[in-house]
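Participant: based on what follows, work out the 3D shape:
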Amino acid sequence: MKMLVIEDDELIAHALVTIFTHENYAVEVATNGQAGWGLVDTFEYDLVLLDVMLPKLDGISLCRQMRAKGLQMPILLLTGRDSGHDKAIGLDAGADDYVVKPFDREELVARVRALLRRGGRSPSPY
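Facilitator: Numbering: from 1, shown residues only. Predicted coordinates for the structure are as follows:
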């Protein structure tokens, strides 16, 4: 499985790469929304882990842009914003799930597997 992490915090991005590489996913990273858009507009991904607070193009706008283009891969928002209103905005923008930082590693991996299962993809990475 190929995943794109769009996260501007280097430590969090590194942690996500480590977690999902250990789970046998191929992981690419973009550090701002504009770079993330360039990658999803060019390459195919099985899933996108997307931070909400990003430089150059915020995660909510990027999520809307991806859905407006017809991209159907699962999008999991990963953010420090935890109000019900923020979650509703993210899900209404087209995200499939919403996880608040700091995240639990085991729960995050399970949520990714669940999203991939729902998308008709194999639940285990290859």
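
Participant: give me the most central residue, the chain.
Facilitator: The chain has Leu49 as the residue nearest its centroid, 1.2 Å off, counting by C-alpha atoms, centre = their mean.

Participant: show me what counts as buried in stretch 36-53.
Facilitator: Of the residues in stretch 36-53, Gly36, Trp37, Val40, Tyr45, Asp46, Leu47, Val48, Leu49, Leu50, Asp51, Val52 count as buried by neighbour count, 16 or more other C-beta atoms under 10 Å. (Glycine included, C-beta is placed from N, CA and C.)

Participant: brain fart, stretch 82-95
Facilitator: Quick answer for stretch 82-95 (16+ other C-beta under 10 Å): Asp86, Lys87, Ile89, Gly90, Ala93, Gly94, Ala95.

Participant: doesn't the residue nearest to the centre of the chain lie inside a strand?
Facilitator: Yes. Counting by DSSP: H, G, I helix; E, B strand; the rest coil, Leu49 is found in a strand.

Participant: for the nearest residue to it once chain neighbours are set aside, which residues make a bridge with it?
Facilitator: Excluding the flanking residues, the one nearest Leu49 by C-beta to C-beta, 6 or more residues apart in numbering is Val5, at 4.7 Å. In this entry, Val5 is beta-bridged to Val29, Leu49, by DSSP bridges.
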